[in-house]
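A.B. asks: mind looking at a prediction? Sequence and model below.
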Amino acid sequence: MMNIEVKNKIIANVDSLREELVRLISNLVQIPSINPTYPGIIKEDVLGGETKVNKLLKSIMESIGLKTDLWEEEKGRANLVGIYKGTSEGKSIIFNGHVDVVPPGPENLWTKAGPWSGKIVNGKIYGRGTSDMKAGNAAAIIALKAVLNAGYQPKGDVIIEDVVGEEMMNTEVGTGATIKRGYKADAAIVMESSAPPYPLALLTASPGVVVMRVTIKGKPAHTSMRDELVRAGGKGFKIAVSAIDKGFIIYQGILKLEEEWGQNKSHPVFTHPGHFTICPTSFIGGLHGIAYIPEECFIDYVIWHAPQDSLEQVKKEIEEQISRFAQIDPWLRENPPQVEWNFWWPPYEISPNAPICKAVTNAYEAVMNKPVKIYGFAAVNDATFLNKAGIPTITLGPGSIQVAHSVNEYVEIREVIDAAKIYALTIAEWCGI
């Protein structure tokens, strides 16, 4: 049971820093920090935004007594780590977040407030990166400040990491670089948005995500020859084969597998059914324009797989399904689709009974006066790489993945304040004071 006096004093200090926390989030959002490797972005136009965010955070960290480390693994993209050294032998903790954001899209679609405004409307802060995830980054700093302002000093080290690159899994220049640089702790919290389905849930697992391209070959001819392909008595693939028509056979096969996944893929912390999916993101055919029956078709997929499934297992299931559906068509039997595996972000998983989970649970319940919700993260984040480095890591943060990457992205101020309180009490509970 957490000491009532300690709890109340720390919570009161977070409340006293409310305006400072809101102002910090707004200021961070007003600095465009688009990931310069994002597809379609001209790198030179956005390079340096991540660094500007971290220079602002550096001054704030230093003002509350943290030793800072600002460095570049890639030119123009500086990471920031702030270290508060514990007073004695206590357990250490990392608060990890990324400062890069995705592009805002057409700014005229932002009807509530501009993407770089940081504007406050009806208890919400609007702008790109509010939910994903500058609010979480700010909350961790204010949480530590509240603990110190309350007159307590953590016994264990508190390390706050604001890294680049997460949006495009550039972990080698971001979180992976912090690990390589020697930053380790007894546990970590990634402050990514917890919702959906539950705000500020304790997230103990994530899916893996795989990007796949399927290429289907056809046989080109003049479009006037289509009757030979689709009419009884036609000469069929002696004349031509529409790669798009054949692509739909494969599309239907993968759709069928996705339906099966919805029934047979489960995990204890993903209690809502069907989270693991095989999502088509583009269907492209006809490389030679409107005058040709298309000779080639590409289907791109983003695959969200269960944490317990290996990459090899996922590949095997999908490749076998493609092969099964190719066998029902005489052209595809002789000209099987080609599969490219282009990207994999591994899942993470930690026991809900792990010590860090118990500490966060105690902090959450002291703040919220209700049981914590333990669930799985909807997307992926850098908790994967921290866990792989042997640092037990969970995800808990303000905001929702449902509004991340969307127009009118926002975070609720009330939720950010609650997150800061949970982080502050976690420091007291985990590190000791």
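C.D. replies: Alright, I've got the coordinates.

A.B. asks: Gly233 and Ala428, how far apart?
C.D. replies: Distance, Gly233 to Ala428, using CB to CB, to the nearest Å: 81 Å. (Glycine included, C-beta is placed from N, CA and C.)

A.B. asks: actually His305, not the one I typed
C.D. replies: 37 Å.

A.B. asks: with Val380 instead?
C.D. replies: Val380 is 30 Å from Ala428, by CB to CB.

A.B. asks: what do you get for Leu200?
C.D. replies: Distance from Leu200 to Ala428, by CB to CB: 18 Å.

A.B. asks: neighbour count winner among those two?
C.D. replies: Between Leu200 and Ala428, Ala428 has the larger neighbour count (other CB atoms under 10 Å), namely 25 against 22.

A.B. asks: contacting residues for the more buried one?
C.D. replies: Ala428 is in contact with 2, 6, 10, 147, 152, 154, 363, counting by CB atoms under 8 Å, 6 or more residues apart in numbering.

A.B. asks: which pair of those residues spans the longest distance?
C.D. replies: Met2 and Pro154 (14.9 Å; CB to CB).

A.B. asks: can you give me the neighbour number for the residue lying closest to Ile239 once chain neighbours are set aside?
C.D. replies: Spatial nearest neighbour of Ile239, excluding adjacent residues (CB to CB, 6 or more residues apart in numbering): Glu228 at 4.3 Å. Close neighbours of Glu228, defined as other CB under 10 Å, add up to 17.

A.B. asks: my read is that Glu228 contacts Val241, right?
C.D. replies: No. When contacts are counted by CB atoms under 8 Å, Glu228 is not listed as touching Val241 (10.4 Å).

A.B. asks: and which of the contacts of Ala428 is nearest Pro220?
C.D. replies: Ranked by distance to Pro220 (CB to CB), the contacts of Ala428 are led by Ala363 at 63.4 Å.

A.B. asks: look at Ala12 and say how many residues are nearby.
C.D. replies: Neighbours around Ala12, by other CB under 10 Å: 13.

A.B. asks: can we start the residue count at 15 from this point?
C.D. replies: Right, with 15 as the first residue, what we last looked at is Ala26.

A.B. asks: roughly how far does it sit from Gln167?
C.D. replies: Distance, Ala26 to Gln167, by CB to CB: 18 Å.

A.B. asks: Met16 and Pro168: which is more packed in?
C.D. replies: Neighbours per residue (other CB under 10 Å) separate Met16 from Pro168, with Pro168 holding more: 24 against 16.

A.B. asks: quick check: closest non-adjacent residue to that one.
C.D. replies: Using CB to CB, 6+ apart, the closest residue to Pro168 is Cys445 (4.0 Å).

A.B. asks: and that neighbour, backbone torsions?
C.D. replies: Cys445 has phi and psi values of phi -80, psi -20 when expressed as degrees, to the nearest 10.

A.B. asks: ok, now Asn349?
C.D. replies: According to degrees, to the nearest 10, Asn349 has phi -130, psi 70.
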